[in-house]
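**Q** Next comes the sequence, and after it the predicted model I'd like to discuss.
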Amino acid sequence: MTALAGTGTLTRFALRRDRMTLPVWIAVNALMVLSMPNALRGLYPTDADRADLLRQMSANSSLRAMVGPVFGDSLGALTAWRVGVYAGALAAVTGLLVVVRHTRDEEESGRHELLASGAVGRRASLTAALLTAVVANAVLALLLAAGLAAQGAAGAVAFALGVAGTGLVFATLAAIVAQLTESARLARGLTAAALGAAFVLRAAGDAARDDGSSALTWLSPLGWLENLRAFAGERWWVPALFTAAVLAQAAVAYVLAARRDVGLSFLPARPGPAAGRLGTAGALAWRLQRGGVLGWSVGFFVAGVVYGGMTEGAADLVGDNARAREIFERMGGHAGLTDTFLASMTGVMGLIAALYVVASVLRLHGEETSGRAEPVLAGAVGRLRWAAGHLVIAFGGAALLMLLTGLGFAAGYGKEAGAILGACLVQVPAVWVIGGTAVLLYGWAPRLAPAAWGVAGAVLLLGWVGPALDAPEAVLDLSPFGHLPKLPGGEMAWEPVAVLLGLAAVLVAAGLTGVRRRDLTA
């Protein structure tokens, strides 16, 4: 039997398991990118408008740190500038989640050992995981290349290759980390931390130089993506960097996988007994999720500081551009431009917090399907108490993230601390509604629980892209975030906040009812 025996079957199985989540991640990324040309055409309709944008970006280091430098004034070049970094980061998140799920997660659950006892080669599982990431990024690249072809075929192909290459760089990095660590949570956390470091390096380099030539920028795969210069004199040698990184990291992952036993790692978990008290279900839930809470908290605070520091520069960039002002007003209300920008950015952070609450709620699903919940529930622990331990962390953690975001904004901006903090906290009820939807799906249809990612992705797409596409208010109101008061600058409205809190409570109660009544799944 060869080392790759059964790879095709495992790949088809992985694609089948991800048939609900992968299309959502790919669609959100593709729609985010493909909506930009029309939005930018409305924002900067003339050559003079676009030339003025280039001049402003050259002098605005804070905004370069956020979205990168702009290399051309065509709609294609502006699209690559505006969403390139974020499209690459989203592709990276998709790749790392796919690879860790089908490698380390499988080993933790015991399914890999069961499969390996059959006619499956030693390297088939890792190969299947990487092939699944390749398929996902290939589909995304085809959609991007076809959708942007009208802006220039060469630029569309270059941009698509750059985004897909970024996704595969972090997918193969996740394959290495999955061999080094004994926990899927740690593997995801470390790879996500590497992505965060790549973003910080790129941001620091772009703030220092307006042409992407900083050494810090070149240390980051996200910097490679922007330096590919799609639609602005493509550098066709840059994709070779992605190819070399992917091949080198994949080779390292295969070497490491061949040198360890199933279930073990090169960085084993600390042996027991565990430090601290684990006498309650809540304490166990906190021990399991504290690393994630800490990582998200640091990220949200830093993002708040960065975006707060950019507030005045962003207001200067919008200037007298009526279309840009209109988009910000649809996102953040009709207050002064600075308050409108703050309101729109706090709303964006609320949308991202919805991803955290879904991930934290679905930890219940992971504990149940892996078989780790059953020993806990076999003792003197009821289902509701067990679930409540995780839900307190999920919903309380979401509130903590928005609190830290507000503190970060206040620190970065240096003004209106109380108003900004209130603007962040008012996002919490909408975040909790998304979390309540995840609880409802988990409670009554655990096999469909991953569909909560689709709900969060759709809400993120509505909030991020909807205003730029002039989506009707009725469509924007499908998102719970569309009903929140636009703070700071707007008037506080308690009625929609109370309604959203009540809806979240109903969804959680209904989901817990399902958890109590149904059988556990394996």
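**A** Perfect, thanks for sending it.
**Q** CA atoms for contacts and neighbours, from now on please.
**A** Fine.
**Q** looking just at contacts, which helices and strands does the helix ranked longest in the chain meet?
**A** If you go by DSSP state H, the chain has its longest helix at helix 281-318. Secondary-structure packing of helix 281-318 (3 or more C-alpha pairs under 8 Å, 6 or more residues apart in numbering; DSSP states H and E): helix 47-59, helix 61-67, helix 337-361, helix 383-413.
**Q** which of those is buried the deepest?
**A** A comparison of the helices and strands packed on helix 281-318 by mean neighbour count, using mean count of other C-alpha atoms under 10 Å, puts helix 337-361 on top with a mean of 24.
**Q** Also compute the angle for that one relative to helix 383-413, please.
**A** 150 degrees (axes from the mean of the first three to the mean of the last three C-alpha atoms, to 10 degrees).
**Q** re the thing from before, would you mind giving the helices and strands packed on helix 281-318 as JSON lines with distance to residue 166 and mean pLDDT added?
**A** Formatted as JSON lines, the helices and strands packed on helix 281-318 follow (distance: least, C-alpha to C-alpha, whole Å; pLDDT from 0 to 100):
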{"stretch": "helix 47-59", "distance to residue 166": "24", "mean pLDDT": "75"}
{"stretch": "helix 61-67", "distance to residue 166": "16", "mean pLDDT": "73"}
{"stretch": "helix 337-361", "distance to residue 166": "21", "mean pLDDT": "86"}
{"stretch": "helix 383-413", "distance to residue 166": "27", "mean pLDDT": "93"}
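**Q** Would you mind saying which of the ones you listed lies nearest residue 476?
**A** Evaluated with C-alpha to C-alpha, these place helix 337-361 nearest to residue 476, the distance being 13.1 Å.
**Q** List the buried residues of whichever helix or strand comes after that closest one.
**A** Counting by DSSP states H and E, the next helix or strand C-terminal to helix 337-361 is helix 363-369. Neighbour counts over helix 363-369 (16 or more other C-alpha atoms under 10 Å) mark 363, 364, 365, 368, 369 as buried.
**Q** who touches helix 363-369?
**A** Helix 363-369 has contacts (C-alpha atoms under 8 Å, 6 or more residues apart in numbering) with 109, 373, 374, 387, 390, 442, 446, 449, 520, 521, 522.
**Q** roughly how far is the helix or strand following that helix from the heart of the chain?
**A** Under the assignment DSSP H and E, the closest C-terminal helix or strand after helix 363-369 is helix 373-377. Helix 373-377 has its C-alpha centroid displaced from the chain centroid by 30 Å (C-alpha atoms, centre = their mean, to the nearest Å).
**Q** who touches helix 373-377?
**A** Under C-alpha under 8 Å, 6+ apart, the answer for helix 373-377 is 367, 368, 383, 386.
**Q** Identify the residues contacting residue 231.
**A** Residue 231 neighbours (C-alpha under 8 Å, 6+ apart): 72, 74, 76, 77, 80, 151, 152, 154, 155, 156.
**Q** Nearest to residue 217, out of the helices and strands packed on helix 281-318?
**A** Each of the helices and strands packed on helix 281-318 has some distance to residue 217 by C-alpha to C-alpha; the shortest is helix 61-67, at 10.4 Å.
**Q** could the buried residues of helix 363-369 be laid out in a markdown table, adding distance to residue 287 and pLDDT?
**A** A markdown table is the format used below for the buried residues of helix 363-369 (distance: C-alpha to C-alpha, whole Å; pLDDT from 0 to 100):
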| residue | distance to residue 287 | pLDDT |
| --- | --- | --- |
| 363 | 13 | 88 |
| 364 | 14 | 91 |
| 365 | 17 | 87 |
| 368 | 17 | 85 |
| 369 | 19 | 79 |
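**Q** possible to save those residues as a markdown table with distance to residue 48?
**A** As requested, the buried residues of helix 363-369 are exported to a markdown table (distance: C-alpha to C-alpha, whole Å):
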| residue | distance to residue 48 |
| --- | --- |
| 363 | 51 |
| 364 | 54 |
| 365 | 54 |
| 368 | 59 |
| 369 | 58 |
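**Q** Write the PyMOL selection for whichever of the contacts of helix 363-369 are buried.
**A** In PyMOL, this line selects whichever of the contacts of helix 363-369 come out buried by 16+ other C-alpha under 10 Å:
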select buried, resi 109+373+374+387+390+442+446+449
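**Q** for the contacts of helix 363-369, which one is nearest residue 139?
**A** Nearest member of the contacts of helix 363-369 to residue 139, counting by C-alpha to C-alpha, is residue 449, at 24.3 Å.
**Q** tell me which of the contacts of helix 373-377 is nearest to residue 41?
**A** Of all those, residue 41 sits closest to residue 367, with 47.7 Å by C-alpha to C-alpha.
**Q** Now distance to residue 15 too, for the helices and strands packed on helix 281-318, in a markdown table please.
**A** Formatted as a markdown table, these follow (distance: least, C-alpha to C-alpha, whole Å):
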| stretch | distance to residue 15 |
| --- | --- |
| helix 47-59 | 42 |
| helix 61-67 | 32 |
| helix 337-361 | 20 |
| helix 383-413 | 28 |
